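[1] I'd like to go over a predicted model; first the sequence, then the structure.
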Amino acid sequence: MSQRIIILGAGFAALTAVRELRRRAPDARIALIAPKAELMYYPSLIWVPAGLRRGDDLRIDVSGFLSAHKVEFHAARVTGLADHGRTVLTDNGTYTNDALLIASGGRFLKALPGIEHALTICEGAPAAEAIRERLTTMDGGSIAFGFATNPKEQGAMRGGPMFELLFGIDTLLRKQGRREKFKLTFFSPAKEPGKRLGDKAVAGLLREMEKRGIATHLGHKLTGFEADRVKTEGGEVPADLILFMPGMTGSAWAGESGLVLSDGGFFKADAHCRVEGADRVFVAGDAGSYPGPDWLPKQAHMADLQARAAAENLLAALDGKPPVASPKPELICIVDTLDRGILVYRDEKRALILPPCRLFHWAKRFFEWMYLRPYRKAKPA
């Protein structure tokens with residue numbers, strides 16, 4: 001009987017791993033465990049507050065895709081691992097494997113006092129829809145936008161969507177003819193927010209804020225939130241609506257895995273996406289902590305690159321061969337402004353930013369269609 005591979009998660013990294021494993025091993029026994037056979041297309045959540053997308057547009061049933069790739073699906077929530085990763089513990093039974101790929105994503109840190117007063121768009125469609133509803137009911141006032149990182153792992157952040165939300169809401173209010181009724185403020189404990197995008201990108205983003213009349217409150221440690229303000233060591237930011245992206249940490253069950261974790265709570269990987277000290281256990285996407293440059297992004301594109309490398313190395317491990325594939329450190333981002341886009345690119349040799357352009361906005365929309373097309377074409381199982 002062929003060896004059994006289990007994938008944890010149903011996001012970008014998990015589904016890319018399905019495709020890569022099936023391409024390389026047509027007869028492999030593959031199972032996927034996730035709460036739902038559903039992909040949430042997070043990059044387009046920034047369009048929900050403006051009405052360009054609905055939450056239901058971005059919830060993609062992938063059961064047909066899994067069936068077409070001959071992947072067993074088990075609806076369950078992972079609670080831990082046993083036997084050095086060979087057994088997956090869930091709320092719906094246990095599952096054994098010969099090789100494991102962890103692609104279950106990360107989660108947001110919720111430690112700051114009063115964080116319940118803030119909305120986090122990347123928590124999913126309900127949060128994005130709540131932002132849209134709040135904007136609809138506001139006649140004016142102050143809106144504060146910001147993000148932070150995991151203090152124990154500085155790269156564990158997702159700041160790009162907050163720049164998009166900031167510029168997108170500014171554009172929306174201008175189109176509605178009511179921008180003058182609102183004060184928009186961008187806050188961050190970092191003096192140079194978006195530093196991972198490169199120095200030119202930071203300067204460009206701050207110039208765009210100044211051009212749009214967006215205030216900034218930078219370089220002050222956050223101490224908490226109240227219903228009408230953001231509190232920092234450098235003063236308070238009045239806010240009738242707080243939109244905030246906390247830093248990230250690993251899966252809730254990571255501590256029950258028995259595997260090596262980074263200081264920030266992620267599965268600690270080597271250059272080949274193999275969990276350190278574990279046999280035939282690999283990680284891809286937001287669940288892992290990877291070696292590489294300090295700007296290594298937590299974004300869908302990087303998750304796809306990690307998943308391809310992890311899948312190749314996992315199959316090699318099953319054949320008793322050493323890993324050879326390593327994901328290329330690469331950041332590709334279109335910071336969308338609702339009607340234009342700012343292209344940011346970075347790799348180990350260069351970093352660049354291109355000014356706002358309508359073409360990049362439409363490129364982002366086209367990429368969404370292209371990326372989701374294979375999943376939408378597959379009929380739900």
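    Great, that's in hand.
[2] first-to-last residue distance for stretch 316-329?
    22 Å (CA to CA, to the nearest Å).
[3] tell me which residues of that stretch come out buried.
    Within stretch 316-329, the residues scored as buried using 16 or more other CB atoms under 10 Å are 316, 317, 318, 323, 325, 326, 327, 329. In this view, the C-beta of every residue, glycine as well, is placed from N, C-alpha and C.
[4] so which bits of stretch 96-103 are buried?
    So, applying 16+ other CB under 10 Å, buried residues of stretch 96-103: 97, 98, 99, 100, 101, 102, 103.
[5] closest to residue 151 out of the buried residues of stretch 316-329?
    For the buried residues of stretch 316-329, the closest approach to residue 151 (CB to CB) belongs to residue 329, at 22.9 Å.
[6] where's the closest one relative to residue 299, distance?
    Going from residue 329 to residue 299 by CB to CB, to the nearest Å gives 12 Å.
[7] could the buried residues of stretch 316-329 go into JSON lines alongside pLDDT, distance to residue 27 and secondary structure?
    Conversion of those to JSON lines gives the following (pLDDT from 0 to 100; distance: CB to CB, whole Å; DSSP: H, G, I helix; E, B strand; the rest coil):
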{"residue": "316", "pLDDT": "98", "distance to residue 27": "16", "secondary structure": "helix"}
{"residue": "317", "pLDDT": "97", "distance to residue 27": "17", "secondary structure": "helix"}
{"residue": "318", "pLDDT": "97", "distance to residue 27": "12", "secondary structure": "helix"}
{"residue": "323", "pLDDT": "97", "distance to residue 27": "22", "secondary structure": "coil"}
{"residue": "325", "pLDDT": "98", "distance to residue 27": "21", "secondary structure": "coil"}
{"residue": "326", "pLDDT": "98", "distance to residue 27": "27", "secondary structure": "coil"}
{"residue": "327", "pLDDT": "97", "distance to residue 27": "26", "secondary structure": "coil"}
{"residue": "329", "pLDDT": "96", "distance to residue 27": "33", "secondary structure": "coil"}
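[8] from those residues, pick the one nearest residue 145.
    For the buried residues of stretch 316-329, the nearest to residue 145 is residue 329 (27.6 Å; CB to CB).
[9] out of everything not next to it in sequence, what's closest to that closest one?
    residue 292 (4.8 Å; CB to CB, 6 or more residues apart in numbering).
[10] does that neighbour really touch residue 330, like I thought?
    No. Residue 292 is beyond contact range of residue 330, at 10.2 Å (criterion: CB atoms under 8 Å).
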